[in-house]
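Novice: Need coordinates for the below:
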Amino acid sequence: MSADNTIAILHTPVPEGFDGEYRVAHLQAVDNLHCHFCKKHPNKFKKGCRECEIGYCEHEDCQIRNARQMWSGCEIFYSMDEAMKEADNLYDEVGYAEYGIQVIQIDRPFKKVKQNKKRR
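Specialist: Now for the predicted structure:
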C-alpha cells in the first residue's frame, strides 16, 4: 500500500529584506494543493476548475488558499537552509516519506493582505 506522503517545504514571498517565508510540514496527498473545492461543499472534491476546466487547478490563488490550510500552524523560517534542516529532522522523525522532501513555491503571500477600502 502506498504511503502517499512527503515532507513539503512551502516557499512564499514576503516584503523586501528576506528571501521569503518557508514552512515545513509532513503531508499526505500533497496533490490536494491543486484541487479546486466548491465553496458550497468545501469537503467535496469538485472535478475540474471552472476557469481552466481541468482536474487540477494551476491558479496560484486556488493553490495559496489550499496551502493556508495545509501548512497552518507551521513554524516560519526565513532561509532555505533553516527550512531544509527542519525538513531533514522531520524526515528522520517520520522515518519514511514516499516522495521524499519537496519544495513547493507559490508566488502569493501566505498571509492574506487586507486592502484598505476608501470611504466615500
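
Novice: list the buried ones in the helix or strand bottoming out on mean pLDDT in the chain?
Specialist: For the chain, the helix or strand with the lowest mean confidence is helix 60-70, at a mean of 84 (criterion: mean pLDDT, DSSP states H and E). Residues of helix 60-70 classed as buried by neighbour count (16 or more other CB atoms under 10 Å): Cys62, Gln63, Ile64, Arg65, Asn66, Ala67, Met70. Quick note: C-beta positions are derived from backbone N, CA and C, even for glycine.

Novice: thought Val103 was touching Ile7?
Specialist: No - taking contacts as CB atoms under 8 Å, Val103 lies outside contact range of Ile7: 10.1 Å.

Novice: Between these two, which is the more surrounded one?
Specialist: Ile7 (24 against 14; other CB atoms under 10 Å).

Novice: For that one, name its beta-bridge partners.
Specialist: Beta bridges link Ile7 to His26, Ile101 when assigned by DSSP bridges.

Novice: Surely Val94 touches Ala8?
Specialist: No - the pair Val94 and Ala8 fails to qualify as a contact (CB under 8 Å) at a distance of 11.7 Å.

Novice: between those two, which one's more packed in?
Specialist: The residue with more neighbours, out of Val94 and Ala8, is Ala8; 24 against 13, by other CB under 10 Å.

Novice: Mind listing what's buried along stretch 65-84?
Specialist: So, applying 16+ other CB under 10 Å, buried residues of stretch 65-84: Arg65, Asn66, Ala67, Met70, Trp71, Cys74, Phe77, Ala83, Met84.
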